[in-house]
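>>> any chance you could fold what I've pasted below:
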Amino acid sequence: MRSSCKKYLAVAMSGISLAAGAQSALAVEINDKLSIYGYGHQAYLRASDNAYLEADKKGDLSYGALALVFAATLDDKTKVWASLHNTLERTLIDWVYVNRQMSAGLSLRAGQVKLPLGLYNEIRDIKYLHLSTLAPALYQEATRIADEAYRGIGLNYNHDIGVGSLSWDGYVGQIVNLEVVSGMAGEKMRRLVGGRVTYSTPVDGLRFMVSAYDGKVEKMGGLEDGRRTWIVSADYKANNLDLKAEYAPMKFFGMKSKTYYAQAGYTLAEKWTPFARYDYVTTDSTQSDVPSFYQKTASLGVGYRFSDNIGFRLENHWSRGYALPVASGEIVAGAGKNNWNMFAASINFIF
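Here you go, the predicted model:
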(Lines give C-alpha, C1' and ligand atoms only; values in the text may rest on other atoms or scores of the structure.)
Protein backbone atom coordinates (compact mmCIF):
# COMPACT_ATOMS: atom_id res chain seq x y z
CA MET A 1 0.00 0.00 0.00
CA ARG A 2 1.34 3.41 -0.91
CA SER A 3 2.13 5.83 1.92
CA SER A 4 -0.35 8.37 0.54
CA CYS A 5 -3.07 5.73 0.68
CA LYS A 6 -2.15 4.99 4.29
CA LYS A 7 -2.37 8.70 5.13
CA TYR A 8 -5.75 9.07 3.47
CA LEU A 9 -7.08 5.92 5.10
CA ALA A 10 -6.13 7.35 8.49
CA VAL A 11 -8.06 10.53 7.69
CA ALA A 12 -11.04 8.51 6.52
CA MET A 13 -11.00 6.35 9.66
CA SER A 14 -10.94 9.50 11.80
CA GLY A 15 -14.08 10.65 10.03
CA ILE A 16 -15.69 7.25 10.55
CA SER A 17 -14.92 7.43 14.26
CA LEU A 18 -16.50 10.88 14.39
CA ALA A 19 -19.58 9.63 12.56
CA ALA A 20 -19.88 6.62 14.86
CA GLY A 21 -19.66 8.87 17.92
CA ALA A 22 -22.39 11.06 16.51
CA GLN A 23 -24.79 8.07 16.39
CA SER A 24 -27.90 9.18 14.52
CA ALA A 25 -27.13 12.90 14.68
CA LEU A 26 -26.52 14.08 11.14
CA ALA A 27 -25.14 17.51 11.93
CA VAL A 28 -22.95 19.37 14.38
CA GLU A 29 -24.78 22.47 15.62
CA ILE A 30 -22.25 25.19 16.45
CA ASN A 31 -25.02 27.62 17.35
CA ASP A 32 -28.46 28.56 16.01
CA LYS A 33 -26.78 30.18 12.98
CA LEU A 34 -24.16 27.63 11.91
CA SER A 35 -24.27 23.88 11.26
CA ILE A 36 -21.60 21.50 9.95
CA TYR A 37 -22.35 18.29 8.11
CA GLY A 38 -19.88 15.74 6.84
CA TYR A 39 -19.59 12.70 4.60
CA GLY A 40 -16.93 10.55 3.03
CA HIS A 41 -15.97 7.20 1.59
CA GLN A 42 -12.94 5.00 1.14
CA ALA A 43 -12.86 2.24 -1.47
CA TYR A 44 -10.65 -0.54 -2.73
CA LEU A 45 -10.91 -1.03 -6.52
CA ARG A 46 -9.42 -3.78 -8.65
CA ALA A 47 -9.78 -4.10 -12.44
CA SER A 48 -9.08 -7.46 -14.07
CA ASP A 49 -7.62 -6.32 -17.42
CA ASN A 50 -8.24 -2.67 -18.29
CA ALA A 51 -6.95 0.10 -16.02
CA TYR A 52 -9.75 2.40 -14.90
CA LEU A 53 -10.18 4.91 -12.07
CA GLU A 54 -6.46 4.36 -11.34
CA ALA A 55 -7.14 0.68 -10.56
CA ASP A 56 -5.61 -2.33 -12.29
CA LYS A 57 -4.91 -6.00 -11.44
CA LYS A 58 -2.89 -4.97 -8.37
CA GLY A 59 -5.81 -3.03 -6.92
CA ASP A 60 -5.92 0.56 -5.68
CA LEU A 61 -6.93 2.36 -2.48
CA SER A 62 -6.94 5.94 -3.75
CA TYR A 63 -10.67 6.11 -4.57
CA GLY A 64 -11.92 8.08 -1.59
CA ALA A 65 -13.00 11.48 -0.35
CA LEU A 66 -13.78 13.40 2.82
CA ALA A 67 -16.02 16.49 2.81
CA LEU A 68 -17.41 19.06 5.21
CA VAL A 69 -20.54 21.06 4.45
CA PHE A 70 -21.20 24.38 6.21
CA ALA A 71 -24.66 25.96 6.46
CA ALA A 72 -24.87 29.52 7.83
CA THR A 73 -28.22 31.22 8.44
CA LEU A 74 -28.12 34.96 7.70
CA ASP A 75 -31.81 35.60 8.34
CA ASP A 76 -35.09 33.70 8.19
CA LYS A 77 -35.00 33.71 4.37
CA THR A 78 -31.29 33.55 3.55
CA LYS A 79 -28.68 30.83 3.96
CA VAL A 80 -25.09 30.44 2.78
CA TRP A 81 -23.94 26.91 1.89
CA ALA A 82 -20.33 25.81 1.30
CA SER A 83 -18.53 22.50 0.85
CA LEU A 84 -14.85 21.71 1.41
CA HIS A 85 -13.93 18.53 -0.48
CA ASN A 86 -10.71 16.55 0.03
CA THR A 87 -9.21 13.68 -2.00
CA LEU A 88 -5.68 12.34 -2.39
CA GLU A 89 -5.09 14.66 -5.35
CA ARG A 90 -6.52 17.92 -4.06
CA THR A 91 -8.52 19.90 -1.54
CA LEU A 92 -10.99 22.40 -2.97
CA ILE A 93 -14.14 24.37 -2.36
CA ASP A 94 -16.60 22.17 -4.19
CA TRP A 95 -19.45 24.66 -4.07
CA VAL A 96 -20.43 27.83 -2.21
CA TYR A 97 -23.63 29.80 -2.78
CA VAL A 98 -26.31 31.99 -1.25
CA ASN A 99 -29.86 30.63 -1.14
CA ARG A 100 -32.65 33.19 -0.81
CA GLN A 101 -36.26 32.11 -0.23
CA MET A 102 -38.22 34.60 -2.32
CA SER A 103 -41.65 33.16 -1.49
CA ALA A 104 -43.21 29.94 -0.21
CA GLY A 105 -42.44 28.11 -3.45
CA LEU A 106 -39.68 30.18 -5.09
CA SER A 107 -36.00 30.26 -4.15
CA LEU A 108 -32.94 31.85 -5.77
CA ARG A 109 -29.36 30.57 -5.68
CA ALA A 110 -26.25 32.49 -6.66
CA GLY A 111 -22.60 31.45 -6.57
CA GLN A 112 -20.96 28.12 -7.29
CA VAL A 113 -23.87 25.68 -7.22
CA LYS A 114 -24.36 21.94 -7.62
CA LEU A 115 -25.72 21.33 -11.13
CA PRO A 116 -29.42 20.26 -10.95
CA LEU A 117 -29.14 17.42 -13.45
CA GLY A 118 -30.76 14.00 -13.30
CA LEU A 119 -31.24 11.90 -10.15
CA TYR A 120 -27.71 11.75 -8.76
CA ASN A 121 -25.76 14.86 -9.66
CA GLU A 122 -26.44 16.88 -6.51
CA ILE A 123 -25.49 13.87 -4.33
CA ARG A 124 -22.92 12.24 -6.62
CA ASP A 125 -20.16 12.52 -3.97
CA ILE A 126 -22.29 11.33 -1.04
CA LYS A 127 -21.79 7.59 -1.50
CA TYR A 128 -23.78 6.82 1.66
CA LEU A 129 -26.92 7.81 -0.27
CA HIS A 130 -26.13 5.55 -3.26
CA LEU A 131 -26.75 1.86 -3.79
CA SER A 132 -23.29 1.25 -5.24
CA THR A 133 -19.72 2.47 -4.80
CA LEU A 134 -19.40 3.20 -8.53
CA ALA A 135 -22.09 5.55 -9.78
CA PRO A 136 -23.94 4.82 -13.04
CA ALA A 137 -21.81 5.57 -16.11
CA LEU A 138 -23.91 8.67 -16.78
CA TYR A 139 -22.35 10.31 -13.68
CA GLN A 140 -18.80 9.08 -14.13
CA GLU A 141 -16.37 11.79 -15.25
CA ALA A 142 -15.22 9.88 -18.34
CA THR A 143 -18.63 10.21 -20.06
CA ARG A 144 -18.43 14.05 -19.89
CA ILE A 145 -22.21 14.32 -19.46
CA ALA A 146 -22.75 15.39 -15.85
CA ASP A 147 -20.36 18.05 -14.56
CA GLU A 148 -20.53 18.77 -10.86
CA ALA A 149 -21.21 22.50 -10.52
CA TYR A 150 -21.82 25.78 -12.29
CA ARG A 151 -20.94 29.35 -11.36
CA GLY A 152 -23.91 31.62 -11.91
CA ILE A 153 -27.51 32.06 -10.83
CA GLY A 154 -30.43 29.64 -10.58
CA LEU A 155 -34.10 29.55 -9.62
CA ASN A 156 -36.21 26.77 -8.12
CA TYR A 157 -40.02 26.84 -8.05
CA ASN A 158 -42.29 24.22 -6.42
CA HIS A 159 -46.07 23.99 -6.63
CA ASP A 160 -48.91 21.49 -6.33
CA ILE A 161 -50.95 20.56 -9.39
CA GLY A 162 -53.73 18.55 -7.79
CA VAL A 163 -52.40 15.17 -8.93
CA GLY A 164 -48.93 15.52 -7.47
CA SER A 165 -46.46 18.40 -7.58
CA LEU A 166 -43.97 20.01 -9.94
CA SER A 167 -40.51 21.38 -9.24
CA TRP A 168 -38.84 23.66 -11.80
CA ASP A 169 -35.10 24.41 -11.87
CA GLY A 170 -33.52 26.93 -14.23
CA TYR A 171 -29.95 28.24 -14.30
CA VAL A 172 -27.46 30.23 -16.34
CA GLY A 173 -23.72 30.54 -15.85
CA GLN A 174 -20.50 28.71 -16.52
CA ILE A 175 -19.29 25.18 -15.71
CA VAL A 176 -16.43 25.10 -13.19
CA ASN A 177 -13.78 22.52 -12.32
CA LEU A 178 -13.94 20.67 -15.63
CA GLU A 179 -11.88 17.50 -15.43
CA VAL A 180 -9.17 17.16 -18.09
CA VAL A 181 -9.58 13.84 -19.89
CA SER A 182 -8.06 12.34 -23.01
CA GLY A 183 -8.24 14.71 -25.95
CA MET A 184 -10.02 17.49 -24.04
CA ALA A 185 -7.14 19.52 -22.57
CA GLY A 186 -7.34 23.26 -23.03
CA GLU A 187 -11.11 23.58 -23.32
CA LYS A 188 -13.09 26.35 -21.67
CA MET A 189 -16.83 26.55 -21.08
CA ARG A 190 -18.00 29.96 -22.29
CA ARG A 191 -21.62 29.77 -21.17
CA LEU A 192 -24.22 27.34 -19.89
CA VAL A 193 -28.00 27.46 -19.71
CA GLY A 194 -30.21 24.64 -18.53
CA GLY A 195 -33.10 23.41 -16.47
CA ARG A 196 -34.88 20.47 -14.90
CA VAL A 197 -38.54 19.62 -14.35
CA THR A 198 -39.48 17.09 -11.66
CA TYR A 199 -42.96 15.59 -11.40
CA SER A 200 -43.71 13.94 -8.05
CA THR A 201 -46.72 11.70 -8.60
CA PRO A 202 -49.53 10.94 -6.12
CA VAL A 203 -47.92 7.50 -5.74
CA ASP A 204 -45.63 7.68 -2.70
CA GLY A 205 -41.96 7.61 -3.76
CA LEU A 206 -42.56 7.80 -7.54
CA ARG A 207 -41.19 10.73 -9.55
CA PHE A 208 -40.12 11.55 -13.10
CA MET A 209 -37.60 14.12 -14.35
CA VAL A 210 -36.50 15.77 -17.55
CA SER A 211 -33.16 17.65 -17.45
CA ALA A 212 -31.36 19.53 -20.22
CA TYR A 213 -28.52 21.96 -20.76
CA ASP A 214 -26.80 23.74 -23.64
CA GLY A 215 -23.32 25.20 -23.45
CA LYS A 216 -20.74 26.88 -25.65
CA VAL A 217 -17.22 25.45 -25.41
CA GLU A 218 -13.94 26.91 -26.68
CA LYS A 219 -11.00 24.58 -27.30
CA MET A 220 -7.36 25.53 -27.57
CA GLY A 221 -6.85 27.36 -30.86
CA GLY A 222 -10.18 29.20 -30.76
CA LEU A 223 -12.41 26.38 -32.07
CA GLU A 224 -15.92 26.69 -30.62
CA ASP A 225 -18.89 24.34 -30.57
CA GLY A 226 -21.95 23.54 -28.54
CA ARG A 227 -22.18 20.95 -25.81
CA ARG A 228 -25.74 19.83 -25.15
CA THR A 229 -27.65 16.97 -23.59
CA TRP A 230 -30.99 16.00 -22.15
CA ILE A 231 -31.79 13.32 -19.56
CA VAL A 232 -35.02 11.45 -18.92
CA SER A 233 -35.23 9.95 -15.41
CA ALA A 234 -37.61 7.68 -13.52
CA ASP A 235 -37.30 7.01 -9.79
CA TYR A 236 -39.29 4.94 -7.28
CA LYS A 237 -38.18 4.63 -3.67
CA ALA A 238 -40.65 3.28 -1.11
CA ASN A 239 -41.43 0.13 0.88
CA ASN A 240 -37.71 -0.88 0.94
CA LEU A 241 -37.64 -0.93 -2.87
CA ASP A 242 -35.33 1.39 -4.85
CA LEU A 243 -35.78 1.52 -8.65
CA LYS A 244 -34.04 3.97 -10.99
CA ALA A 245 -33.61 4.34 -14.74
CA GLU A 246 -32.16 7.15 -16.88
CA TYR A 247 -31.37 7.82 -20.53
CA ALA A 248 -29.05 10.58 -21.79
CA PRO A 249 -27.78 11.41 -25.31
CA MET A 250 -25.14 14.12 -25.80
CA LYS A 251 -23.64 16.04 -28.73
CA PHE A 252 -20.18 17.55 -28.28
CA PHE A 253 -17.88 18.92 -31.04
CA GLY A 254 -19.85 17.05 -33.68
CA MET A 255 -19.60 13.71 -31.85
CA LYS A 256 -22.74 12.01 -30.56
CA SER A 257 -22.74 9.79 -27.49
CA LYS A 258 -25.38 8.26 -25.26
CA THR A 259 -25.78 6.29 -22.06
CA TYR A 260 -28.58 4.65 -20.13
CA TYR A 261 -28.99 2.41 -17.11
CA ALA A 262 -31.58 0.54 -15.06
CA GLN A 263 -30.97 -0.18 -11.37
CA ALA A 264 -32.82 -2.01 -8.60
CA GLY A 265 -32.21 -2.54 -4.89
CA TYR A 266 -34.22 -3.96 -1.99
CA THR A 267 -33.52 -3.50 1.72
CA LEU A 268 -33.82 -6.57 3.97
CA ALA A 269 -34.14 -6.38 7.77
CA GLU A 270 -33.34 -2.64 7.56
CA LYS A 271 -29.63 -3.49 7.15
CA TRP A 272 -28.89 -5.45 3.96
CA THR A 273 -29.48 -4.01 0.48
CA PRO A 274 -28.64 -6.25 -2.48
CA PHE A 275 -28.70 -4.40 -5.79
CA ALA A 276 -28.28 -4.94 -9.53
CA ARG A 277 -27.66 -2.53 -12.42
CA TYR A 278 -27.18 -2.62 -16.17
CA ASP A 279 -25.28 0.23 -17.86
CA TYR A 280 -24.77 0.98 -21.53
CA VAL A 281 -22.60 3.76 -22.89
CA THR A 282 -21.23 4.64 -26.31
CA THR A 283 -18.83 7.58 -26.55
CA ASP A 284 -19.12 7.73 -30.37
CA SER A 285 -22.43 6.63 -31.87
CA THR A 286 -20.86 6.18 -35.32
CA GLN A 287 -18.57 3.48 -33.85
CA SER A 288 -20.98 1.91 -31.38
CA ASP A 289 -19.97 -1.63 -32.47
CA VAL A 290 -16.26 -1.02 -31.71
CA PRO A 291 -15.18 -2.12 -28.17
CA SER A 292 -13.09 1.06 -27.72
CA PHE A 293 -16.25 3.17 -28.03
CA TYR A 294 -18.95 1.15 -26.29
CA GLN A 295 -19.32 -0.50 -22.89
CA LYS A 296 -22.04 -2.77 -21.54
CA THR A 297 -21.80 -3.43 -17.81
CA ALA A 298 -23.81 -5.73 -15.54
CA SER A 299 -23.33 -5.05 -11.82
CA LEU A 300 -24.24 -7.00 -8.70
CA GLY A 301 -23.55 -6.06 -5.12
CA VAL A 302 -24.75 -5.79 -1.56
CA GLY A 303 -24.68 -3.00 0.98
CA TYR A 304 -24.82 -3.25 4.78
CA ARG A 305 -25.55 -0.43 7.22
CA PHE A 306 -23.81 -0.70 10.56
CA SER A 307 -25.78 2.31 11.84
CA ASP A 308 -27.58 5.40 10.62
CA ASN A 309 -24.15 6.86 9.84
CA ILE A 310 -21.92 4.10 8.47
CA GLY A 311 -22.32 1.64 5.60
CA PHE A 312 -20.24 -0.99 3.80
CA ARG A 313 -20.53 -2.34 0.23
CA LEU A 314 -19.18 -5.17 -1.88
CA GLU A 315 -19.84 -5.27 -5.63
CA ASN A 316 -18.59 -6.51 -8.96
CA HIS A 317 -19.02 -5.00 -12.44
CA TRP A 318 -18.74 -7.25 -15.51
CA SER A 319 -18.08 -5.26 -18.70
CA ARG A 320 -18.01 -5.93 -22.39
CA GLY A 321 -16.23 -3.16 -24.27
CA TYR A 322 -13.98 -0.57 -22.66
CA ALA A 323 -15.24 2.88 -23.70
CA LEU A 324 -14.80 4.42 -20.25
CA PRO A 325 -11.10 3.46 -19.80
CA VAL A 326 -10.44 4.90 -23.29
CA ALA A 327 -12.42 8.08 -22.55
CA SER A 328 -10.52 8.57 -19.26
CA GLY A 329 -7.18 8.24 -21.10
CA GLU A 330 -6.07 5.17 -19.12
CA ILE A 331 -6.30 2.78 -22.11
CA VAL A 332 -5.41 3.50 -25.74
CA ALA A 333 -8.19 2.78 -28.26
CA GLY A 334 -7.71 -0.69 -29.70
CA ALA A 335 -5.33 -1.81 -26.94
CA GLY A 336 -7.82 -2.95 -24.27
CA LYS A 337 -9.49 -6.24 -23.43
CA ASN A 338 -13.08 -6.64 -24.57
CA ASN A 339 -14.27 -8.66 -21.57
CA TRP A 340 -13.18 -7.47 -18.13
CA ASN A 341 -14.50 -6.78 -14.68
CA MET A 342 -14.01 -4.41 -11.75
CA PHE A 343 -14.37 -5.30 -8.07
CA ALA A 344 -15.14 -2.66 -5.44
CA ALA A 345 -15.30 -2.73 -1.64
CA SER A 346 -16.03 0.47 0.23
CA ILE A 347 -16.96 2.00 3.54
CA ASN A 348 -18.99 5.21 3.58
CA PHE A 349 -20.26 7.51 6.27
CA ILE A 350 -22.29 10.62 6.92
CA PHE A 351 -22.73 12.84 9.95
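>>> quick one, phi psi at residue 325?
Taking degrees, to the nearest 10, you get phi -60, psi -30 for the backbone angles of residue 325.
>>> how about residue 322, what does it touch?
Neighbouring residues of residue 322 by C-beta atoms under 8 Å, 6 or more residues apart in numbering: 50, 52, 291-292, 295, 331, 336-338, 340. Every C-beta, even on glycine, is put in place using the N, C-alpha and C of the backbone.
>>> are any of those residues buried, and which?
Using 16 or more other C-beta atoms under 10 Å as the burial test, the contacts of residue 322 include 50, 52, 291-292, 295, 331, 336, 340 as buried.
>>> how much space separates residue 302 from residue 119?
From residue 302 across to residue 119, the span is 21 Å (C-beta to C-beta, to the nearest Å).
>>> of the two, who's got more company?
When residue 302 is set against residue 119 and neighbours are counted by other C-beta atoms under 10 Å, the residue ahead is residue 119, at 23 against 15.
>>> give me the number of residues near the closest residue to the more buried one other than its chain neighbours?
Beyond its immediate neighbours in the sequence, the residue positioned closest to residue 119 (C-beta to C-beta, 6 or more residues apart in numbering) is residue 233, lying 5.0 Å away. If you count neighbours by other C-beta under 10 Å, residue 233 ends up with 21.
>>> can you give me the strands for the stretch 1-150 of the chain?
Secondary structure of the stretch 1-150 of the chain (DSSP state E, counting those that start in this stretch): strands at 28-29, 34-47, 60-75, 78-86, 91-101, 106-114, 149-160.
>>> who are the contact partners of the closest residue in space to residue 314 that isn't next to it in sequence?
Closest residue to residue 314 in three dimensions, ignoring its sequence neighbours and counting by C-beta to C-beta, 6+ apart: residue 345, at 5.3 Å. Counting by C-beta under 8 Å, 6+ apart, residue 345 touches 43-44, 133, 312-315.
>>> just the buried ones from these, in ChimeraX syntax?
Here is the ChimeraX command that selects the buried residues among the contacts of residue 345 (16+ other C-beta under 10 Å):
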select :43,44,133,313,315
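>>> can you list the contacts of residue 345 in a markdown table and add pLDDT and distance to residue 83?
Rendered in a markdown table, the data for the contacts of residue 345 read as follows (pLDDT from 0 to 100; distance: C-beta to C-beta, whole Å):
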| residue | pLDDT | distance to residue 83 |
| --- | --- | --- |
| 43 | 96 | 20 |
| 44 | 97 | 25 |
| 133 | 96 | 20 |
| 312 | 97 | 24 |
| 313 | 97 | 23 |
| 314 | 98 | 28 |
| 315 | 98 | 26 |
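>>> could the contacts of residue 345 be laid out in a markdown table, adding distance to residue 65?
A markdown table is the format used below for the contacts of residue 345 (distance: C-beta to C-beta, whole Å):
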| residue | distance to residue 65 |
| --- | --- |
| 43 | 10 |
| 44 | 14 |
| 133 | 12 |
| 312 | 16 |
| 313 | 15 |
| 314 | 19 |
| 315 | 18 |
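>>> starting at the chain centroid, how far to stretch 298-311?
How far stretch 298-311 lies from its chain's middle: 17 Å, per C-alpha atoms, centre = their mean, to the nearest Å.
>>> and it, which residues are buried?
By neighbour count, with 16+ other C-beta under 10 Å as the criterion, the buried positions of stretch 298-311 are 299, 301, 303, 305, 309-311.
>>> of those residues, which pair is most distant in space?
Comparing every pair within these by C-beta to C-beta identifies 299 and 309 as the most remote, at 25.0 Å.
>>> still on that earlier bit, among the contacts of residue 345, which are in helices?
Judged by DSSP state H, these include no members of helices.
>>> of the contacts of residue 345, closest to residue 89?
Proximity of the contacts of residue 345 to residue 89 was ranked by C-beta to C-beta; the top entry is residue 43 with 14.9 Å.
>>> you'd agree that closest one is up against residue 65?
No. Under the contact definition of C-beta atoms under 8 Å, residue 43 does not touch residue 65, with a separation of 9.6 Å.
>>> the closest residue to residue 213 other than its chain neighbours in helix, strand or coil?
Spatial nearest neighbour of residue 213, excluding adjacent residues (C-beta to C-beta, 6+ apart): residue 194 at 3.0 Å. Here residue 194 is recorded as strand under DSSP: H, G, I helix; E, B strand; the rest coil.
>>> so how far is residue 200 from residue 194?
20 Å.
>>> same check on residue 72?
Residue 72 sits 29 Å away from residue 200, going by C-beta to C-beta.
>>> ok, residue 106 next?
Taking C-beta to C-beta as the criterion, residue 106 is separated from residue 200 by 17 Å.
>>> what about these two, which has more around it?
When residue 106 and residue 200 are compared for neighbours, residue 200 comes out ahead with 19 against 14, by other C-beta under 10 Å.
>>> what residues does the more buried one make contact with?
If a contact means C-beta under 8 Å, 6+ apart, then residue 200 has 164-167, 206-207 as its contacts.
>>> who does it form a beta bridge with?
Each beta-bridge partner of residue 200 is listed here, defined by DSSP bridges: residue 165, residue 207.
>>> would you mark the buried spots in stretch 50-62?
Using 16+ other C-beta under 10 Å as the burial criterion, the residues of stretch 50-62 that qualify are 50-53, 55-56, 60-62.
>>> can you name the two of those residues that are farthest apart?
By the measure C-beta to C-beta, the buried residues of stretch 50-62 have their two most distant members at 50 and 61, which lie 18.7 Å apart.
>>> poorly predicted segments of the chain, please.
Using pLDDT under 70 as the threshold, the predicted model of the chain has low-confidence ranges 1-30, 177-190, 218-224.
>>> please consider this matter closed, and thank you.
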